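Chemist: Provided below are the primary sequence and the corresponding predicted coordinates.
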Amino acid sequence: MAAPTPPTRDRVVDAAMRLFGERGYAATSIADIESAAGLSPGSGSLYRHFASKEALLMEGVRRRVSEGAALRAALQNPPIEPVEPRVEYEAVVRAGLDRLDQDKDLSRMINKDLRQFPAALDLVRDDEIGAVHRAVASWLQARAPRPLDDRRAQALATAMVGAAANFWLLGDIFDEHPAGVTADELVDAIVSLIEAWLAGQTTLP
């Protein structure tokens, strides 16, 4: 049985975000979005769902940001079944990379277009990037053998998230990381750093 067709409004949002990410906001016309969403291009039918192209952008950004809630929830809730620490660390790093890939249109727009739209940029900064950093910092604090102050936790979270984000961004630009590093190798390196840091915390006087 064929999957049900998404509602028109959802198709418009998905098509617009994909095109904004691939081409840029200015280079994407209303007719382009209508065509990609299965509407009659140039008919103006998009305006039955959104008052303007900018309103469509804001809705798309809000939706993409809300999709990050699953990753933040996973960081805030420990696994239901006990797992080896390294398995958990790997799962967290891979979830972060998966989120970047899932969110690739928005990630591309941050670098291309969002400075033109302060409200959208603030939403991404506070409710996506900032929220992920805070969630990772709390996750680290919960696993530290000694109390870890907020600033230190935020710095460590920035190192983790920044490494994953830089890896994804360069891979997206060049189709693979310029150093030839694979996702598996990056995950192993970040996990090893987490383990080394935790071991150092344990042996501190």
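Modeler: Yep, it's here. Numbering: from 1, shown residues only.
Chemist: so residue 181 sits against residue 167, correct?
Modeler: Yes. Between residue 181 and residue 167 there is a contact under C-beta atoms under 8 Å: 7.0 Å. All C-beta spots, glycine's among them, are computed from the backbone N, C-alpha and C.
Chemist: who has more neighbours out of these two?
Modeler: The neighbour comparison of residue 181 against residue 167 (other C-beta atoms under 10 Å) goes to residue 167, with 22 against 14.
Chemist: which strand or helix spans that one?
Modeler: For residue 167, the host element (DSSP states H and E) is helix 150-174.
Chemist: chain neighbours aside, what residue packs nearest to the residue nearest the centre of the chain?
Modeler: Centroid-nearest residue in the chain, with C-alpha atoms, centre = their mean: residue 100, separated by 3.9 Å. Once flanking residues are discounted, residue 100 sits nearest to residue 168: 4.1 Å by C-beta to C-beta, 6 or more residues apart in numbering.
Chemist: from residue 181, how far off is the one you found?
Modeler: 12 Å (C-beta to C-beta, to the nearest Å).
Chemist: what lies in contact with the worst-scoring helix or strand of the chain on mean pLDDT?
Modeler: When each helix and strand of the chain is scored by mean pLDDT, DSSP states H and E, helix 69-76 comes last, with a mean of 80. For helix 69-76, the external contacting residues (C-beta atoms under 8 Å, 6 or more residues apart in numbering) are 92, 95, 96, 99, 131, 132, 135, 136, 138, 139.
Chemist: hang on, the earlier thing: for the helix holding residue 167, buried residues please.
Modeler: By neighbour count on 16 or more other C-beta atoms under 10 Å, the buried set for helix 150-174 is 153-154, 156-157, 160-161, 163-165, 167-169, 171-172.
Chemist: mind listing the helices for this structure?
Modeler: 8-23, 30-36, 53-66, 69-76, 85-102, 104-112, 118-124, 130-143, 150-174, 183-203 (DSSP state H).
Chemist: how about the fourth one as PDB, C-alpha atoms only?
Modeler: Provided in PDB are the C-alpha atoms of helix 69-76 (Å, rounded to 0.1, in the frame of the first residue of the first chain):
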ATOM      1  CA  ALA A  69      13.700  17.700  20.500                       C
ATOM      2  CA  ALA A  70      14.300  14.000  20.100                       C
ATOM      3  CA  LEU A  71      18.000  14.300  20.300                       C
ATOM      4  CA  ARG A  72      17.800  16.600  23.400                       C
ATOM      5  CA  ALA A  73      15.400  14.200  25.100                       C
ATOM      6  CA  ALA A  74      17.800  11.300  24.400                       C
ATOM      7  CA  LEU A  75      20.600  13.300  26.100                       C
ATOM      8  CA  GLN A  76      18.400  14.100  29.100                       C
END
